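Enquirer: Here is a sequence with its predicted model. Questions after.
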Amino acid sequence: MHDTIRILRLDASANPTDSSSRKLGDHLHRQITQSHSSVETRERDLNRNLSFIDSHWIAANFTTREARAAAQTDRLAFSDELIEELKWSDHIVLTTPMYNFSIPATLKAWIDLVCRAGVTFRYTDNGPEGLLDGKSVDIVVTTGGVPMDSPLDFVSGYLRQVFTFIGINKVSIVAADQMNVDSDASFNRAMEQINQHYPAVEARRLT
């Protein structure tokens, strides 16, 4: 057993009652939980109460903390909250479907809110440097007809880049792709990926 792990669970599907990505995320979460003696979890549904950046947000973000007006500080408060969740976590579990070859708009909104210069990354003479190192992320992706890692997959590579950009280099992707072809087979393959990556405690005790 390991020490306490702090998990940030993020769900992007717009169909919470019947989402394959969320169901796979639930199983993944359970498997991780069995591997640790103590787990703390924070959950966020990205389809609830998520705001998009606008001109006022951008102006506040590019104003130094010391020079911000009270209204600008308030405008960034939600972004600060999301970033604090990332900083708090040891491990992130993100579940998302592919919508029209890419990620849901709400997930893109979350990314825009947490990728902030001087907060989650900084510019150096050698290029951008992520500031959230020492963390890891599991990403569950479902697709209807697009094969994962194909030329039409604009999800997996993009999400890897986003997390690497803010300093999270340990990125694993579980894919249940082409579910419109054979949903059961695709779902079961993804479940097997999870089981191989996080074998159940009972099974490990027998080896």
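Expert: Nice, I can see it.
Enquirer: Over to T95: give its phi and psi.
Expert: Backbone torsions of T95, given as degrees, to the nearest 10, read phi -120, psi 140.
Enquirer: can you pull out the strands in the chain?
Expert: For the chain, strands defined by DSSP state E occupy the ranges 5-11, 39-45, 91-97, 121-124, 127-130, 136-142, 170-176.
Enquirer: okay, these in JSON lines with distance to V114 next?
Expert: Just so you know, the C-beta spots here come from the backbone N, C-alpha and C atoms, and that holds for glycine as well. Below are these laid out as JSON lines (distance: least, C-beta to C-beta, whole Å):
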{"stretch": "strand 5-11", "distance to V114": "10"}
{"stretch": "strand 39-45", "distance to V114": "11"}
{"stretch": "strand 91-97", "distance to V114": "11"}
{"stretch": "strand 121-124", "distance to V114": "10"}
{"stretch": "strand 127-130", "distance to V114": "11"}
{"stretch": "strand 136-142", "distance to V114": "12"}
{"stretch": "strand 170-176", "distance to V114": "15"}
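Enquirer: Ok, which of those strands comes nearest R189?
Expert: Across these, the minimum distance to R189, taken as C-beta to C-beta, is reached by strand 170-176, at 6.9 Å.
Enquirer: What is that closest one packed up against?
Expert: Under the contact criterion of 3 or more C-beta pairs under 8 Å, 6 or more residues apart in numbering; DSSP states H and E, strand 170-176 touches helix 20-34, strand 136-142, helix 156-165, helix 183-197.
Enquirer: strand partners of that strand, parallel vs antiparallel please.
Expert: strand 136-142 (parallel) (DSSP bridges).
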